[in-house]
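Peer 1: the following comprises the amino acid sequence and a computationally predicted model.
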Amino acid sequence: MALLEIQGLKTHFKTEDGWLHAVDGVDIAIDRGETVGIVGESGCGKSVTAKTVLKLIDMPPGKIVAGKVLWKGRDLVPLPPEAMQKIRAKEISIIFQEPMTSLNPVYRVGEQIAESLRLHEGLSRKDALDRAVEMLKLVRIPTPERRVNDYPHQFSGGMRQRVMIAIALACKPQLVIADEPTTALDVTIQAQILDLLGRLKDEMGMAVMLITHAMGVVAEVAQRVVVMYAGKVVEEAPVRELFAHPRHPYTQGLIHSIPRIDLDARHKVRLEAIPGTVPKLIDPPEGCRFAARCKHVRTECRQATPPLREVASGHRVACILDLPT
Amino acid sequence: MAGSTPASATASPLGKPAASASLWAESWLRFKRHRLAYLSLWVLGLLVLAVLLGPFVYKVGINDIDFKARLAPPSWQHPMGTDDLGRDLLARALYGGRISLAVGFASMVVAILVGVTIGAIAGISRGWVDAVLMWVTDLFLSLPQLPMLLVLIFFFRDGLKAIVGPEVGIFLLIVLVIGGFRWMPAARLVRAQFFSLREKEFVEAARALGASTQRQVARHILPNALGPVIVAATIDVAAAIILESTLSFLGLGFPPDIPTWGRILFDAKDYLDIAMHWSLFPGLAIFITVLSISFIGDGLRDALDPRRVM
Amino acid sequence: MSVPPLLQVKGLKKHFPIRGGLLRRVVDHVHAVDGVSFELAAGETLGVVGESGCGKSTTGRCVLRLIEPTAGEVLFEGRDVGAMGPQELRGLARDMQIIFQDPFASLNPRMTVAAIVGEGLVIHKLADGPRAIEERVVQLLETVGLSSDHMRRYPHEFSGGQRQRIGIARALAVNPKLVVCDEAVSALDVSIQAQVINLLEDLREQFNLTYIFIAHDLSVVEHISHRVAVMYLGRIVEVAPSRDLYTSPRHPYTEALLSAVPIPDPTVARKRIVLEGDVPSPIHPPKGCHFHPRCPRAQAQCKTDAPVLRELAPGHVAACHFPN
């Protein structure tokens, strides 16, 4: 049984112009200890999916219209807030994108790490703070005994992200959702954080759901990749398979539009851009959502939304065509 | 060659009707959604229409004395009743309403003009000009408004009366004095907006294009700075009307024969027990005017919300 | 016979004062740009890379004199930009333009697209009358892949990529020779980024433009630039033709930067150089070589002597006492 199984999830938002279909029928499964990368551009629904798992969406205006989120076989969607609180941070925790704003500026860092320990493990204040120091050591913050009493503004961006990781891992959750954890960081700091996440994952054996728009990060960190577009999953495969044999035209376009440091090319190759823009998700039309931008589009594509079908072992694509990779 | 990278593959890239939605038009739509504000706009509109056209429709004189109908309660002949001299209160209220509303709007114009100018100059310059202007603003803010008003009116009333006549004189005096004491919040608002807008990239872009400072301010900064100022302006109108009523109530406003709402209240205060209608109607008029202006201000604040706009 | 370079920057410095205390006296400085020199030939694209706080954006703005440099010289076609009065500077705006990073903040939300794109034409009287201006605006919009339908619309009705195109059209309106692209594609999605990069390359061909391409994404910079300059804490640490920079980096920071870039290919084994610590503050940069606290090769000399840019191979300079 998979650790986390999202089935047919639909999260919609009520706006002035109608219902926004942010997540429109998504299936994702994560096994114990697995790292799954959810990749897609802005507006594809990856962040909303992640936040829906922990029910961190404001409802209203958001609403889980359909689907299940099975955590160890138990559906989280109908759970009341008190039950969700027991799961958050203890079993599933989340790391956010903006380290500048996700820490509370008026509380010391140690207190913020200790908060979940005191809540979920009932530790005393002193014990929790001791554990906080251990956590800071785990995330490689120098002189943790002193730093535990510092405030967030006394840390740099990369350090704050480490603190966030410490908070997320304090209660040893089995799944960590990382929502664009390195997007706001400089490249060298990003390297440090990815390195750290990799080591921690090996040491603590947790599963990771990594949300990102950077294919490079996914190639490096993930074991399996789920590609999302306009609220739906369009392709899913083990990481090497996805990069070697992308099947969906969007995935292909995405991979080909990334400029690569290509040291062997004789002359610069023109980037293959995907024309057009992401469709509006308010009352979306029937049919494949990528049809308007797809260079292989046929009339059948606009008639019905293509389902995910298996094309190779562990490799599923939502496209009716059999394209060469 | 360059045109071969089109922005959109579809025919209608934006999927909207031909009429474009300027930000002002969108704000208007958002304003209308605020029911109370929209209703208040109608109420205020009707009120303004009534005081402007009323005296032409309801042709009863404001000074027609009729001792037989003294202190009469509301009736068909006198919808708002009469005062102690038998003068029709509806006629007096309609006439006086013009003055009260005119004072309100005119004071707001003075306050906003002065405030925006000072705020803009402070906001666009740095260093000592800004420091001096802020010092002046703080000075005015610390002056006690009502006592200063009374003192200034006391000193200048006769002088202005001699120059431009009693009514215009007192009108000018009141408008200038009220406006002169209400420009500070607008100045502060505009200055704060200028500080934040000055650093925005689209202003930098204008500078990079070679736009002069005047052009940057007029075309780029001011139009985007006016949102909060508009909201403050509505508050100014309400406050000015109340202030004028207070002055008249204290007997220091317009000459006694001019029936501004405050003045009517002043006259009615000694007859509260026997002729409640006398004070009730002007009081209601002030109340409804100020309340609807406040709701309109609320609606404007939501409609011009920088969350969407900036 | 040699053509003078289009742009020459010598010893550029920008120190932002920090005020504190009761009397708001200057207590310290942010050394955003700390001695930057480079040259640019017409038609060339110089990429400038570095992480946050390295001063690349400030350098770009100083070249246009959008920010007043504290010291140093900027020569455009041999003319001293720093010595120009307001009239001359306005003329300079026709030669040098800038495209900004944030597509949402770089367009005036209360102006129509036509007004935004046409503003340069109006300021410099480049077209006679509203008809001529409108024609030119349509021409510009079509050049960047938009259409005349978009003229009467407002920025908030467009996507990020489309807004960036509007910004590009605005810059092109005055027929500049040099365009500073300040992280012009950094805020865009990957697939839109590719569209805009292709557009910038097409325009470069069509109008013989010279670019200073400022970015933090090394792959994008390598793709579009002829030469690349790497900045760290206000100084240039290495400049080389883009192929050479990526095949044989000389400066340890460049090496670390290159190894940190995630490659979208899971089969490539990464030998990553992970730098210790954080980027130090530009208020109190380290003495000597700015990079020495994080440098895996730092020696005693690096703590006291600031290295200068030395030519290590043809066209390839680096500021390091112990380069590769």
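Peer 2: Now that the structure is in, tell me what you want to look at.
Peer 1: CA only for contacts and neighbour counts going forward, please
Peer 2: Will do.
Peer 1: measure how buried whichever residue of the stretch 1-150 of chain A sits closest to chain C is and give me the count.
Peer 2: Chain C sits closest to A:Glu41 of the stretch 1-150 of chain A, with a gap of 5.9 Å, by CA to the nearest CA. The number of residues packed near A:Glu41 is 21, by other CA atoms under 10 Å in any protein chain shown.
Peer 1: how would you label it: helix, strand or coil?
Peer 2: coil (DSSP: H, G, I helix; E, B strand; the rest coil).
Peer 1: then A:Asp24?
Peer 2: strand.
Peer 1: can you list contacts of the helix or strand encompassing A:Glu220?
Peer 2: In this structure, A:Glu220 sits in helix A:215-221 according to DSSP states H and E. Under the criterion CA atoms under 8 Å, 6 or more residues apart in numbering or on different chains, residues A:35, A:37, A:39, A:194, A:198, A:210, A:212, A:225, A:239-240, A:243, A:255, C:261-266 lie in contact with helix A:215-221.
Peer 1: just the C-alphas of that helix, formatted as PDB.
Peer 2: Extracted C-alpha coordinates of helix A:215-221, given in PDB (Å, rounded to 0.1, in the frame of the first residue of the first chain):
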ATOM      1  CA  MET A 215      13.800  20.400 -14.400                       C
ATOM      2  CA  GLY A 216      17.500  20.500 -13.300                       C
ATOM      3  CA  VAL A 217      16.500  20.100  -9.600                       C
ATOM      4  CA  VAL A 218      14.200  17.300 -10.400                       C
ATOM      5  CA  ALA A 219      16.800  15.500 -12.500                       C
ATOM      6  CA  GLU A 220      19.100  15.600  -9.600                       C
ATOM      7  CA  VAL A 221      16.900  14.800  -6.600                       C
END
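Peer 1: what about the residue nearest to the residue of the stretch 1-150 of chain A closest to chain C when sequence neighbours are not counted, how many residues close to it?
Peer 2: Computed as CA to CA, 6 or more residues apart in numbering or on different chains, the closest residue to A:Glu41 that is not its neighbour in sequence is A:His213, at 5.4 Å. Other residues near A:His213 come to 21 when the count uses other CA under 10 Å.
Peer 1: if we can go back for a sec, contacts only, for the residue of the stretch 1-150 of chain A closest to chain C.
Peer 2: A:213, A:229, C:189-190.
Peer 1: how much space between it and A:Glu180?
Peer 2: For A:Glu41, the distance to A:Glu180 equals 11 Å [CA to CA, to the nearest Å].
Peer 1: joint contacts of those two?
Peer 2: Shared contacts of A:Glu41 and A:Glu180, counting by CA under 8 Å, 6+ apart, come down to A:His213.
Peer 1: out of the contacts of helix A:215-221, list just those in helices.
Peer 2: A:194, A:198, A:239-240, A:243, A:255 (DSSP state H).
Peer 1: around chain C, which positions in the stretch 151-300 of chain A sit nearby?
Peer 2: A:156, A:158, A:186-192, A:213, A:215-220, A:239-240, A:243, A:253-255, A:257-261, A:263, A:268, A:270-275, A:277 (CA under 8 Å from any CA of the partner chain).
Peer 1: what about the strands in the chain?
Peer 2: Just going to use chain A. A:4-15, A:18-30, A:35-39, A:62-71, A:74-75, A:92-95, A:175-179, A:207-212, A:224-229, A:232-238, A:309-312, A:315-317 (DSSP state E).
Peer 1: let me rephrase: I mean chain C.
Peer 2: Secondary structure of chain C (DSSP E): strands located at C:7-20, C:25-40, C:45-49, C:71-76, C:79-80, C:96-99, C:178-182, C:210-215, C:227-232, C:235-241, C:310-313, C:316-318.
Peer 1: in the stretch 151-300 of chain A, which residue sits closest to chain B?
Peer 2: The stretch 151-300 of chain A approaches chain B most closely through A:Gly276 (3.6 Å), counting by CA to the nearest CA.
Peer 1: ok, now the stretch 201-324 of chain C?
Peer 2: Closest point on the stretch 201-324 of chain C to chain B, by CA to the nearest CA, is C:Asp202, at 5.1 Å.
Peer 1: re earlier: which one, of the strands of chain C, ends up nearest to A:Arg108?
Peer 2: Of all the strands of chain C, it is strand C:7-20 that lies closest to A:Arg108, at 25.9 Å by CA to CA.
Peer 1: can you give me the angle the closest one makes with strand C:25-40?
Peer 2: Interaxial angle, strand C:7-20 versus strand C:25-40 (axes from the mean of the first three to the mean of the last three CA atoms, to 10 degrees): 170 degrees.
Peer 1: ok, strand C:7-20: who's next to it in the sheet?
Peer 2: strand C:25-40 (antiparallel), strand C:71-76 (antiparallel) (DSSP bridges).
Peer 1: please state the offset of it from the chain centre?
Peer 2: Counting by CA atoms, centre = their mean, to the nearest Å, strand C:7-20 is centred 15 Å from the centre of its parent chain.
Peer 1: and chain C, which residues reach chain B?
Peer 2: Contact residues (CA under 8 Å from any CA) of chain C with chain B: C:64, C:66, C:89-91, C:93-94, C:97-98, C:100, C:102, C:105-110, C:119-120, C:123-124, C:142-146, C:152-154, C:157-158, C:161-162, C:171, C:195, C:198-199, C:202-203, C:206.
Peer 1: narrow the residues you listed to those in helices?
Peer 2: C:89-91, C:119-120, C:123, C:142-143, C:161-162, C:171, C:195, C:198-199, C:202-203, C:206.
Peer 1: filter the residues you listed to the buried ones?
Peer 2: C:89-90, C:119-120, C:123, C:142-143, C:161-162, C:171, C:195, C:198-199, C:202-203 (16 or more other CA atoms under 10 Å in any protein chain shown).
Peer 1: determine which two of those residues are furthest apart.
Peer 2: C:Leu89 and C:Gln195 (32.7 Å).
Peer 1: could you report the neighbour count for residue 133?
Peer 2: Just so you know, I chose chain A. There are 23 residues near A:Val133, going by other CA under 10 Å.
Peer 1: I was thinking of chain B, sorry if that wasn't clear
Peer 2: 17.
Peer 1: A:Pro78 now?
Peer 2: Neighbour tally, A:Pro78, other CA under 10 Å: 12.
Peer 1: quick one, what contacts the residue nearest to the spatial centre of chain C?
Peer 2: For chain C, the residue nearest the mean C-alpha position is C:Ile214 (3.0 Å; CA atoms, centre = their mean). The contact partners of C:Ile214, by CA under 8 Å, 6+ apart, come to C:47-49, C:56-57, C:60, C:180-184, C:221.
Peer 1: so which of those residues comes closest to B:Arg191?
Peer 2: Distances from B:Arg191 to the contacts of C:Ile214, taken by CA to CA, are shortest for C:Ser57, at 27.1 Å.
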